[in-house]
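**Q** need a 3D model of the following:
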Amino acid sequence: MRSPLMTRLGLAPLLGFLLAVFGLGTSASAADTDLTFATDSATTTPGGTVNLSMTLTNNKTYDILFVYQTIDPTWLTTQRPDLKYSFTGCSLTTSAGSTPCSGTGPTNLGTNYGATIPPGQSRTVNLTLQVAADSGCNGNIGFYSYYYADFSDATNTSGGPVYTPETRVLCA
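**A** Presented below is the predicted three-dimensional model:
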């Protein structure tokens, strides 16, 4: 038996209403933010370092209040156990200069971008990728990222995977 409300409104408007009430209908589009990666070198050798930068741009007309981001090795990178590397440094580039990251580490970049990111502005996080001196050679190290951002208008957006440029570990 159908309820009088469903008879008058129909199923689609009722579902839309329920989504709005429970906050599931307020998602912004992924175009509201732009995440880009760059490296300072496409190659390195065992014992070398590569600087990886991640820039998050707010393309919306409201402030970004919160960002959560992950960064993980690609599947091909995990298939080469002879490749040894770690992130040894993390800094946030701001208009006032560079400051150490404030997140919980380079694989969980929750607060590293610094809040707030006003409309039209960007924040860049710089990670130092250290390749171990005893790392294997002729393999690529690459990462991918997912991110989530909350805006001051109570909307949010998420994106990913976004892939970094790969770094080739060469032996002399």
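**Q** report the secondary structure element holding residue 123.
**A** Taking DSSP states H and E as the definition, residue 123 sits inside strand 122-131.
**Q** give the pairing partners of that strand; include direction for each.
**A** Next to strand 122-131 in the sheet, as set by DSSP bridges, lie strand 49-58 (antiparallel), strand 85-94 (antiparallel).
**Q** so where is the protein shaky, pLDDT-wise?
**A** 1-31, 95, 102-112, 114-115, 172 (pLDDT under 70).
**Q** mind listing the strands for it?
**A** Along the chain, the stretches classed as strands by DSSP state E are 33-39, 43-44, 49-58, 64-73, 85-94, 97-100, 122-131, 139-141, 143-151, 156-163, 167-169.
**Q** would you mind finding the most buried of the strands paired with strand 122-131?
**A** Ranked by mean neighbour count under mean count of other Cβ atoms under 10 Å, the strands paired with strand 122-131 are led by strand 49-58, which reaches a mean of 19. Placement of C-beta: from N, CA and C, glycine included.
**Q** hey, C-alpha coordinates of that strand in CSV?
**A** Only the C-alpha atoms of strand 49-58 are listed here, as CSV (Å, rounded to 0.1, in the frame of the first residue of the first chain):
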residue,chain,number,x,y,z
THR,A,49,66.4,12.5,-3.9
VAL,A,50,63.5,13.9,-5.9
ASN,A,51,61.3,16.7,-4.9
LEU,A,52,57.6,16.1,-5.5
SER,A,53,55.1,19.0,-5.3
MET,A,54,51.3,18.8,-5.0
THR,A,55,49.3,21.9,-5.7
LEU,A,56,45.6,22.1,-4.7
THR,A,57,43.7,25.0,-6.3
ASN,A,58,40.3,26.3,-5.1
